[in-house]
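Colleague: Any chance you could fold what I've pasted below:
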Amino acid sequence: MAEIVIVEDAQAAGELVADAVSALIARKPDAVLGLATGSTPLAVYRALADRAGSLDLGQVSGFALDEYVGLPASHPESYRSVITREVVEPLGLDPDRVHVPDGTVDTIQTAGADYERAIIAAGGIDLQILGVGTDGHIGFNEPGSSFASLTRVKTLTEQTRRDNARFFDSPDDVPMHCITQGLGTILRAEHLVMLAFGEGKAKAVAASVEGPLSAMMPGSAIQLHPHATVVIDEAAASELKLADYYRYAYANKPEWQGV
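Modeller: Purely as a prediction, here's the structure:
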């Protein structure tokens, strides 16, 4: 099963994951990162930005999980804009090495296959950062997504659109469709790191790590991965049956294992 790490708050989670990313870059300067958007991974990106001066990030590449379909790349809430604003610029990454799925309507029919080829050409993703939605989605893999799915177009659920409406002027402005890495794509990464904070994520976290494997709970796909780490705060851990064991196991973990 995944390693469950329960920390005090989002800042502590950000520092812990930034340590793992820093160690990865130290041993592999041309590391390929999988980049999630939304509010959850911001603590990681801020922690990495704070230490960017001591890291050589010149060869690091990145692949975003998803993008809205039909939203211009110049729109402030396109994931191209978000990744540039929250990751590329603060960390000083080479923008030519940071990729986002192409949500352009005219080329959307081939965009998924193009993105898959780009990830493979880069040597695959070394560490994939993930959030989890209140309905268990990771990336934009909504409930019902196949564990074998690759990068493709998906229709967003009403709940996801409501959750993301806070980033737009109106709920009606949230696009109906997206292009997202599939669960099969995500599972090819060498290391998965899923983050979740707050009581609102507690049920999805518990179902993802302790519930049955189910396409209705996309987050449960991480149970299939040989190296998955789930970093959560106390509120997000509140529905876990084995929380005390996870704390005990992490407290007694051999230091050489890292995250």
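Colleague: Tell me which residues touch the nearest residue to residue 201 once chain neighbours are set aside, please.
Modeller: Counting by C-beta to C-beta, 6 or more residues apart in numbering, residue 201 lies nearest to residue 236, which is 4.6 Å off, once chain neighbours are set aside. Placement of C-beta: from N, CA and C, glycine included. Applying C-beta atoms under 8 Å, 6 or more residues apart in numbering, one finds that residue 236 lies in contact with 196, 197, 198, 199, 201, 202, 205.
Colleague: Tell me where the longest helix sits in this protein.
Modeller: Ranked by residue count and defined by DSSP state H, the top helix of the chain is helix 10-27.
Colleague: could I get that one in PDB with only the CA atoms?
Modeller: Output in PDB follows, covering the C-alpha atoms of helix 10-27 (Å, rounded to 0.1, in the frame of the first residue of the first chain):
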ATOM      1  CA  ALA A  10       0.200  22.200   4.600                       C
ATOM      2  CA  GLN A  11       3.500  24.100   5.200                       C
ATOM      3  CA  ALA A  12       5.000  21.000   6.800                       C
ATOM      4  CA  ALA A  13       3.800  18.900   3.900                       C
ATOM      5  CA  GLY A  14       5.400  21.300   1.500                       C
ATOM      6  CA  GLU A  15       8.800  21.200   3.200                       C
ATOM      7  CA  LEU A  16       8.700  17.400   3.300                       C
ATOM      8  CA  VAL A  17       7.900  17.000  -0.400                       C
ATOM      9  CA  ALA A  18      10.300  19.700  -1.300                       C
ATOM     10  CA  ASP A  19      13.000  17.700   0.500                       C
ATOM     11  CA  ALA A  20      12.100  14.700  -1.700                       C
ATOM     12  CA  VAL A  21      12.200  16.800  -4.900                       C
ATOM     13  CA  SER A  22      15.500  18.300  -3.900                       C
ATOM     14  CA  ALA A  23      17.000  14.900  -3.300                       C
ATOM     15  CA  LEU A  24      15.800  13.700  -6.600                       C
ATOM     16  CA  ILE A  25      17.400  16.600  -8.500                       C
ATOM     17  CA  ALA A  26      20.600  16.200  -6.600                       C
ATOM     18  CA  ARG A  27      21.000  12.600  -7.800                       C
END
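Colleague: Show me what it is packed against.
Modeller: Judged by 3 or more C-beta pairs under 8 Å, 6 or more residues apart in numbering; DSSP states H and E, the packing partners of helix 10-27 are strand 3-7, helix 42-50, strand 127-130, strand 191-196, strand 228-233.
Colleague: can you list these in TSV and add mean neighbour count and mean pLDDT?
Modeller: Listed next are these as TSV, based on neighbours: other C-beta atoms under 10 Å; pLDDT from 0 to 100:
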stretch	mean neighbour count	mean pLDDT
strand 3-7	20	98
helix 42-50	20	97
strand 127-130	26	98
strand 191-196	26	98
strand 228-233	24	98
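Colleague: For these, give me JSON lines that also has distance to residue 211.
Modeller: Formatted as JSON lines, those follow (distance: least, C-beta to C-beta, whole Å):
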{"stretch": "strand 3-7", "distance to residue 211": "13"}
{"stretch": "helix 42-50", "distance to residue 211": "25"}
{"stretch": "strand 127-130", "distance to residue 211": "17"}
{"stretch": "strand 191-196", "distance to residue 211": "14"}
{"stretch": "strand 228-233", "distance to residue 211": "13"}
